[in-house]
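>>> compute the structure for the input listed below.
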Amino acid sequence: MSSRFPGLSGIRLKGLALFLLALALPLASASAADEPDLIFRRSTVFKWMSPNDKLATYGLDDPEVEGVACHFTVPEKGGFKGWLGLAEEVSDISLACRQVGPIKFKANKMEQGDDMFRQRRSLFFKKMQIVRGCDAKRNVLVYMVYSDRLIEGSPKNSTSTVPIMPWGPGDANVQKCGEFFTQ
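Model prediction:
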């Protein structure tokens with residue numbers, strides 16, 4: 001090994017390999033556990049020899065609030081950079097959240113603006129985040145999606161609200177979101 005790479009010992013190469021593996025494993029395991037469900041994709045820009053640009057719509061359940069589901073649509077870059085996962089995705093993201101069953105809070109206390117979901121949008125520095133809050137005066141959950149980068153983010157965002165309502169005749173005890181969020 002040392003004859004092919006003068007100046008690099010086997011220990012250095014093993015250390016480098018372990019370092020790169022340590023960086024890759026958390027990214028792989030975190031994204032696999034929290035992946036949203038793909039609902040559908042539609043092509044928007046035709047590419048002759050590579051994948052098309054698309055809009056993709058995903059659905060996910062709020063992990064801390066049972067009975068709330070969100071759907072978001074994101075652009076996905078095609079071309080060879082998109083196919084290889086090297087393209088930086090744009091920040092145009094839409095969001096809609098709805099009550100889909102009786103609302104029950106799983107956590108005792110949540111912070112205003114806590115992350116509900118986050119996803120990488122470029123190879124290194126850009127991520128999309130869906131955050132959750134509570135409008136205690138109106139008993140409404142508020143969800144906002146935005147993207148940010150290490151140096152500068154984007155002001156593009158989308159907001160959706162979920163009024164907490166009874167779900168059917170047997171759901172008389174409507175929870176108050178203000179009791180579960182620190183103000």
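>>> bridge partners for the nearest residue to Gly113 once chain neighbours are set aside, pull those for me.
With C-beta to C-beta, 6 or more residues apart in numbering as the criterion, Gly113 has its nearest non-adjacent residue at 4.9 Å, and that residue is Val131. Where you see a C-beta, it was placed from the backbone N, CA and C, and this is true even at glycine. Here Val131 sits in beta bridges with Asp115, Met144, as judged by DSSP bridges.
>>> contact partners for Val131?
Val131 makes contacts with Gly113, Asp114, Asp115, Met116, Tyr143, Met144, Val145, Tyr146, as judged by C-beta atoms under 8 Å, 6 or more residues apart in numbering.
>>> JSON lines for those residues, including pLDDT, distance to Asp53 and neighbour count?
JSON lines is the format used below for the contacts of Val131 (pLDDT from 0 to 100; distance: C-beta to C-beta, whole Å; neighbours: other C-beta atoms under 10 Å):
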{"residue": "Gly113", "pLDDT": "93", "distance to Asp53": "31", "neighbour count": "12"}
{"residue": "Asp114", "pLDDT": "92", "distance to Asp53": "32", "neighbour count": "13"}
{"residue": "Asp115", "pLDDT": "92", "distance to Asp53": "27", "neighbour count": "11"}
{"residue": "Met116", "pLDDT": "94", "distance to Asp53": "27", "neighbour count": "23"}
{"residue": "Tyr143", "pLDDT": "97", "distance to Asp53": "26", "neighbour count": "23"}
{"residue": "Met144", "pLDDT": "95", "distance to Asp53": "25", "neighbour count": "18"}
{"residue": "Val145", "pLDDT": "92", "distance to Asp53": "20", "neighbour count": "25"}
{"residue": "Tyr146", "pLDDT": "88", "distance to Asp53": "21", "neighbour count": "19"}
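>>> quick one: which of the residues you listed is nearest Pro63?
Nearest to Pro63, judged by C-beta to C-beta, of the contacts of Val131 is Met116 at 7.0 Å.
>>> my guess is the closest one contacts Asp62. True?
Yes - counting by C-beta atoms under 8 Å, Met116 touches Asp62, with 5.6 Å between them.
>>> who touches both of the two?
With C-beta under 8 Å, 6+ apart, Met116 and Asp62 have common neighbours Cys70, Arg132.
>>> circling back: among the contacts of Val131, which one lies nearest to Ser43?
Nearest member of the contacts of Val131 to Ser43, counting by C-beta to C-beta, is Val145, at 22.6 Å.
>>> residue ranges of each domain in the protein, please.
1-33, 36-182 (automatic domain parsing).
>>> by mean pLDDT, show me the worst of those domains.
Lowest mean pLDDT of the domains of the chain: domain 1-33, a mean of 43.
>>> separation between the residue nearest to Gly113 and Gly67?
19 Å (C-beta to C-beta, to the nearest Å).
>>> so which residues of this structure form helices?
For the chain, the helices defined by DSSP state H cover 10-33, 79-84.
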